[in-house]
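Asker: Structure for the following, please:
(one chain, ligands or ions: 1)
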Amino acid sequence: MRLPIYLDCNATTPVDARVLDAMLPHFTETFGNPSSGHRFGADARAAVERSRASIARCLNAETPAEIVFTSGATESDNLAIKGVAAALRDRGDHLVTVATEHPAVLDACASLERRGFRVTRLGVGRDGLLDLGALADALTTQTILVSVMAANNEIGVLQDMAAIGRLCRERGILFHSDATQAVGKVPFDVRALGVDLASFSAHKIYGPKGAGGLYVRRGVTLRAQQDGGGHEGGRRSGTLNVPGIVGLAEALALCLEEMEEEARRLMHLRDRLKERIRGALDGVRVNGHETQRLPGHLHITLEGVDGDRLMMELQGIAVSSSAACHSGGTSHVLAALHGAAAGNGASLRFGIGRYNTADEIDYAADEVVAAARRLRG
Ligand SMILES: *Cc1c(COP(=O)(O)O)cnc(C)c1O
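Answerer: Okay, here's the model as predicted:
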């Protein structure tokens, strides 16, 4: 077993060797600028359009033109939220989102607030799920966009996308979802879910960093957020990242091929990790809904354990602590679930992925149990 064991697949994933193989020729052979009129341009353009069509099929989009390539989900979230707000400013000035969203969504909304828009941030229950009644009550005639993530990056819970989509459709309000953690891991069909815009990223699904996309349903208008050559149908200027785009498409296609079997395997490993820790220790809280969650995702709080000291003890595994990515404060996601109590104890996020084995899971569980016992004295 090679140490430390990587268990942080919601932060990023390694590039799958099959994805890298698909990308390599596009650095040195098909290296043309897809905007060029000559043969080199045409070859690169063909690779991009094959990728676009493949991604559109994977998401069940109606046409490949509904896929806009970006540098990742942060850019996609910004483009979706600010782009729709700018395009629909005359129709209304109100947006609705959720307190547990990724900073790319929350900060894009805050930026709009400073420009005169109004934003409602809905709370969640102790299980991390949004109350659909509260969402319905928040919608007004001025609401132009609802943004709700499909799967939470920190606590792994899956929101009821289809129900939210139906509600938005009934009210004639656009629905954006940051689907970065859901796409490739759980079924995500934009038409079945009634999603109008969806953000995704290659590096969370065994593709390269710096490549992502935004699904924009046909008929939805968007104001570009970056001026330039008018690429991507005027929605996102900048020379296309051809190897990255090919990698994104390949990574997504592989995830879909293997999804059912891999989800079963990851759920089994996740439950094994959870039961092994809970069987050996008292005072273990699972954060987020126990079953309505991503297959390979576990988030726990160990009561009576200091978070910083626990991270120092865990040398054999690479996991994330909520404290680490929110230095100096409690995670905004845990605070939304548990209020003031969120800061108590040590929180750990396990992101189990494609290359983890049962032996690694057992090792990780044993290391966590031993460290917690030492620190509790
Ligand atoms: C990782 C992540 C992002 C940011 O994606 P990048 O491609 O790294 O910009 C946004 N939202 C969620 C839910 C994520 O998990």
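
Asker: Is the helix or strand hosting residue 109 in proximity to the ligand?
Answerer: Assigned by DSSP states H and E, residue 109 falls within helix 103-114. Yes: under the criterion of Cβ under 6 Å from any ligand atom, helix 103-114 makes contact with the ligand via residue 104. In short, each C-beta sits where N, CA and C put it, glycine included.

Asker: got the contact list for that helix?
Answerer: With Cβ atoms under 8 Å, 6 or more residues apart in numbering as the test, helix 103-114 has contacts from 73-74, 77-78, 81-82, 85, 95, 97, 117, 119, 121, 147, 149, 178, 199, 332.

Asker: Wasn't residue 50 part of a helix?
Answerer: Yes: counting by DSSP: H, G, I helix; E, B strand; the rest coil, residue 50 is found in a helix.

Asker: Hmm, it is touching residue 249, no?
Answerer: Yes: with contacts counted by Cβ atoms under 8 Å, residue 50 reaches residue 249, the gap being 7.4 Å.

Asker: Which one's more surrounded, the two?
Answerer: Between residue 50 and residue 249, residue 249 has the larger neighbour count (other Cβ atoms under 10 Å), namely 29 against 14.

Asker: Run a quick neighbour tally on the closest residue to the more buried one other than its chain neighbours.
Answerer: Excluding its sequence neighbours, the residue lying closest to residue 249 (Cβ to Cβ, 6 or more residues apart in numbering) is residue 51, at 3.5 Å. Here the number of neighbours of residue 51 (other Cβ under 10 Å) works out to 28.

Asker: For stretch 131-143, which residues meet the burial criterion?
Answerer: By 16 or more other Cβ atoms under 10 Å, the buried positions in stretch 131-143 come out as 135, 139, 143.

Asker: Sorry, slip of the keys, the one I care about is stretch 277-290.
Answerer: 277, 278, 281, 284, 286, 287, 288, 289.

Asker: just stretch 30-48 next, same as before
Answerer: 30, 32, 34, 43, 44, 45, 47, 48.

Asker: The helix of greatest length in the chain close to the ligand?
Answerer: Counting residues, the longest helix in the chain under DSSP state H turns out to be helix 242-280. No: judged by Cβ under 6 Å from any ligand atom, helix 242-280 stays clear of the ligand, getting no closer than 10.3 Å.

Asker: elements contacting that helix?
Answerer: Identification of packing neighbours for helix 242-280 by 3 or more Cβ pairs under 8 Å, 6 or more residues apart in numbering; DSSP states H and E yields helix 17-23, helix 25-28, helix 39-59, strand 284-286, strand 297-302, helix 358-376.

Asker: of the buried residues of stretch 277-290, closest to the ligand?
Answerer: Using Cβ to the nearest ligand atom, residue 288 comes nearest to the ligand of these, at 13.7 Å.

Asker: Assign a three-state SS to residue 282, would you?
Answerer: Here residue 282 is coil, with the state taken from three-state DSSP.

Asker: From the ligand, how far off is residue 367?
Answerer: 25 Å (Cβ to the nearest ligand atom, to the nearest Å).

Asker: Quick check: that residue touching residue 311?
Answerer: No: here residue 367 does not reach residue 311: they are 12.0 Å apart, not a contact under Cβ under 8 Å.

Asker: coming back round to it: show the subsequent helix or strand relative to the helix holding residue 109.
Answerer: For helix 103-114, the following helix or strand on the C-terminal side (DSSP H and E) is strand 118-122.

Asker: what comes up buried for that next one?
Answerer: Of the residues in strand 118-122, 119, 120, 121, 122 count as buried by neighbour count, 16+ other Cβ under 10 Å.

Asker: Looking at those residues, which one is closest to residue 228?
Answerer: The closest of the buried residues of strand 118-122 to residue 228 turns out to be residue 119 (Cβ to Cβ; 28.4 Å).

Asker: which one is that closest one nearest to, not counting chain neighbours?
Answerer: residue 109 (4.6 Å).

Asker: Enumerate the residues of the stretch 201-350 of the chain near the ligand.
Answerer: Residues of the stretch 201-350 of the chain lying close to the ligand (Cβ under 6 Å from any ligand atom) are 201, 204, 212.

Asker: Pretty sure the first one sits against residue 180.
Answerer: Yes: with contact taken as Cβ under 8 Å, residue 201 and residue 180 are classed as touching, separated by 4.9 Å.

Asker: Residues that sit against both of these two, list them.
Answerer: By Cβ under 8 Å, 6+ apart, the residues touching both residue 201 and residue 180 are 73, 212.

Asker: Next up, the contacts around residue 25.
Answerer: Counted by Cβ under 8 Å, 6+ apart, residue 25 has zero contacts.

Asker: again, but for the one 5 residues further on
Answerer: When the contact criterion is Cβ under 8 Å, 6+ apart, the partners of residue 30 are 40, 43, 44, 47, 242.

Asker: can you check residue 227 too?
Answerer: By Cβ under 8 Å, 6+ apart, the residues touching residue 227 are residue 237.
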